[in-house]
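Undergrad: quick one: sequence and predicted model below, then my questions.
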Amino acid sequence: MDLLTPGPGLIIWQAFIFLLLIFLLAKLAWKPILGSLKEREQSIQQALDSAEQAKKEMASLKADNENLLREAREERDKILKTAREAANRLHDQAQSDAKKNADKIIEDARSVIQTEKNAALRDVKAQVAAFSLEVAEKLIKKNLADDKAQKDLADSYIKELKLN
Amino acid sequence: MKKPFFAPKPTFFALILIVFSGIFSPVFASNEAGHETEPFNASEVILHHVMDDHQWHFADWFVMPLPVIVYSSEKGLDVFSSSRFYDEHHNAVEYNGYKLDHNHITLADSGKAVLDLSITKNVAMLFINAALLLFVFTSVAKGFKKNQGKAPTGMQSFFEPVILFVRDEIVKPNIGHQYERFMPYMLTLFFFILFGNLLGLLPGAGNLTGNIAVTMTLAVFTFLITNFNGNKGYWGHIFWTPGVPLPLRIVILPVEIIGIFTKPFSLMIRLFVAITAGHIVLLSLICLAFIFGSYMVGIGSSLIVLFINLIELLVAGIQAYVFTMFSSMYIGMAVADHSHDH
């Protein structure tokens, strides 16, 4: 059967041409094609990886931002608290200072009044003494005439004095 | 921007059109033969179409003579046109001491066969196939170079998925991590068979991939690559199959040794049969019209031929896939790491 008998001529040609084809195609086609395919696949993989990386970085950045924000908030609260305390302290201080001042003024006024009062008393005492001397003088004068009259006179003067 | 000269869709339809129009060419060719007095011999016509020839018979009125290259120890190397074997009335004649008898060139006086390196129809097909492969894939490679880091265009975008299919679905899973070493062979093998199958479906074309010499050579390549790359584990499995009782090993040994050869043999037969049988079926259906000598049968069989042609397109792809897949599998077995225990 010719159909089933491999012809030696065709075998030789086929082997030769096929080897040549493998060699030429490997050099001219398969190497650049497979190289480019691999390169492209790698670049796609790289792009995907870097996207993933960027996503992770974004997440960490966000967390950082939140931390910063929280810290800032805490800081603000602290500052506000100290400011409030300082204000309160100043307020109290001012109040106590004012009170002290007022007390001092009152004290001063009181001591001035006391001094004035003492001076006035002293004055009254001197006048009373003067009056007493005057009465005594008049009494002594009257006593020389009549005991009784003297006595009445003394009484009337004393009455006068009391009215004064 | 340059318009891609290879738009896949129109080309595909054009291909189908050519294939279908091809249904009629053998009809006309044989029709003229029918005018002669001798009765119509279907098997002769069919075998003539599927077998190799020293001339390219497109139609009875258009026969292209091909160069004959012969070598014999007696007469040395001789190159002449195959038309020398025919006189002006298409009768076979002897030329220069050579005789062409049923496609075999012998020495006229002694009847001794000579080494026939002629550019026969199939060798011419082989050249066309090789030239087409070179043209197509250097263009694809150029596309890759041009579109570095960009989306593929034109011919490149048509073949890129096919190349990826061969790499990711055929070679990589069957061979494993060493697959890159075998990629050039596998891709060449796949596209050689695919293009050969498709070219063989064209009207008037030679039956290249359905020729047993061609399939045998391809199978021998796979056989050689498999066994030259066979590692310790591979030969260990053949000569001293692990995990099998001693007496069985003696029985298994010849089976394994035969297995080395049956693998490429099956490759050879499968491709040859699939392609040749397809052609024979097509031609038989066409011959029905001449056997019955009826137009109605002709119309009916043409419709079936149309359908079979579609199947043949499918077979062209499947056979290229199967040959490449089994080659990958055999090579994969030879280079696999047998570190696992049985």
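TA: On my side now, so go ahead. A quick note: this is a predicted structure, and the numbers were derived from the prediction, not measured.

Undergrad: and the residue nearest the centre of chain B, what helix or strand is that in?
TA: Note on chain B: the residue nearest the mean C-alpha position is B:Thr209, at 1.0 Å, using CA atoms, centre = their mean. Using DSSP states H and E, B:Thr209 is not contained in any helix or strand.

Undergrad: ok, the closest residue in space to it that isn't next to it in sequence - contacts?
TA: Nearest non-adjacent residue to B:Thr209, counting by CB to CB, 6 or more residues apart in numbering or on different chains: B:Gly196, 3.8 Å away. Glycine gets a C-beta too; all of them are placed from N, C-alpha and C. By CB atoms under 8 Å, 6 or more residues apart in numbering or on different chains, B:Gly196 lies in contact with B:125, B:129, B:208-209, B:214.

Undergrad: hmm, back to that, give me the pLDDT for the residue nearest to the centre of chain B.
TA: Looking at B:Thr209, its pLDDT stands at 94.

Undergrad: circling back: of the contacts of B:Gly196, closest to chain A?
TA: Of all these, chain A sits closest to B:Val214, with 5.1 Å by CB to the nearest CB.

Undergrad: neighbours of the closest one, how many?
TA: The local packing of B:Val214 (other CB atoms under 10 Å in any protein chain shown) involves 34 other residues.

Undergrad: can you check B:Asn122 too?
TA: Close neighbours of B:Asn122, defined as other CB under 10 Å, add up to 28.

Undergrad: so which strand or helix has it?
TA: helix B:121-146.

Undergrad: distance-wise, check B:His237 relative to B:Gly317.
TA: Going from B:His237 to B:Gly317 by CB to CB, to the nearest Å gives 33 Å.

Undergrad: so between those two, which is more surrounded?
TA: Legend: neighbour count by other CB under 10 Å for B:His237 and B:Gly317, higher for B:His237 (20 against 15).

Undergrad: by mean pLDDT, flag the weakest helix or strand of chain A.
TA: Lowest mean confidence among the helices and strands of chain A (mean pLDDT, DSSP states H and E): helix A:147-163, at a mean of 75.

Undergrad: pull the CA atoms of that helix into CSV?
TA: Once non-C-alpha atoms are left out, helix A:147-163 reads as follows in CSV (Å, rounded to 0.1, in the frame of the first residue of the first chain):
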residue,chain,number,x,y,z
ASP,A,147,-25.1,126.7,153.3
LYS,A,148,-28.5,126.1,152.2
ALA,A,149,-28.5,128.5,149.5
GLN,A,150,-25.2,127.1,148.4
LYS,A,151,-26.6,123.7,148.3
ASP,A,152,-29.6,124.8,146.2
LEU,A,153,-27.4,126.6,143.9
ALA,A,154,-25.2,123.7,143.4
ASP,A,155,-28.2,121.6,142.7
SER,A,156,-29.6,124.0,140.2
TYR,A,157,-26.3,124.2,138.3
ILE,A,158,-26.1,120.5,138.2
LYS,A,159,-29.6,120.5,136.8
GLU,A,160,-28.6,123.0,134.2
LEU,A,161,-25.6,121.0,133.4
LYS,A,162,-27.7,118.0,132.9
LEU,A,163,-30.0,119.8,130.5
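
Undergrad: look up how far B:Asp116 lies from the residue in the stretch 201-342 of chain B that chain A sits nearest to.
TA: Going by CB to the nearest CB, chain A is nearest to B:Ala213 of the stretch 201-342 of chain B, at 3.7 Å. To B:Asp116, B:Ala213 is 12 Å away according to CB to CB.

Undergrad: so for stretch A:115-130, what's the average pLDDT?
TA: So the average pLDDT for stretch A:115-130 ends up being 91.

Undergrad: other residues contacting that stretch?
TA: Outside stretch A:115-130, no residue touches it (CB under 8 Å, 6+ apart).

Undergrad: ok so, going back, any idea whether the residue nearest to B:Thr209 is helix, strand or coil?
TA: Under the three-state scheme (DSSP: H, G, I helix; E, B strand; the rest coil), B:Gly196 adopts helix.

Undergrad: what is the least confident helix or strand of chain A packed up against?
TA: In this structure, helix A:147-163 packs against helix A:31-143, with contacts taken as 3 or more CB pairs under 8 Å, 6 or more residues apart in numbering or on different chains; DSSP states H and E.

Undergrad: next, the angle from the helix it packs on to helix B:121-146.
TA: 20 degrees (axes from the mean of the first three to the mean of the last three CA atoms, to 10 degrees).

Undergrad: any idea which helix or strand comes after the longest helix seen in chain B?
TA: Counting residues, the longest helix found in chain B (DSSP state H) is helix B:246-292. Remark: after helix B:246-292, the chain's next helix or strand is helix B:295-335, criterion DSSP H and E.

Undergrad: now that following helix: average pLDDT?
TA: The average pLDDT for helix B:295-335 rounds to 94.

Undergrad: packing partners of it?
TA: Helix B:295-335 packs on helix B:8-21, helix B:172-175, helix B:183-201, helix B:212-228, helix B:232-239, helix B:246-292, going by 3+ CB pairs under 8 Å, 6+ apart.

Undergrad: need the winner for burial among the ones you listed.
TA: helix B:183-201 (a mean of 24; mean count of other CB atoms under 10 Å in any protein chain shown).

Undergrad: any idea of the mean pLDDT in that one?
TA: For helix B:183-201, mean pLDDT rounds to 95.

Undergrad: count the residues that sit near A:Ile44.
TA: 10.

Undergrad: noted, bye for now.
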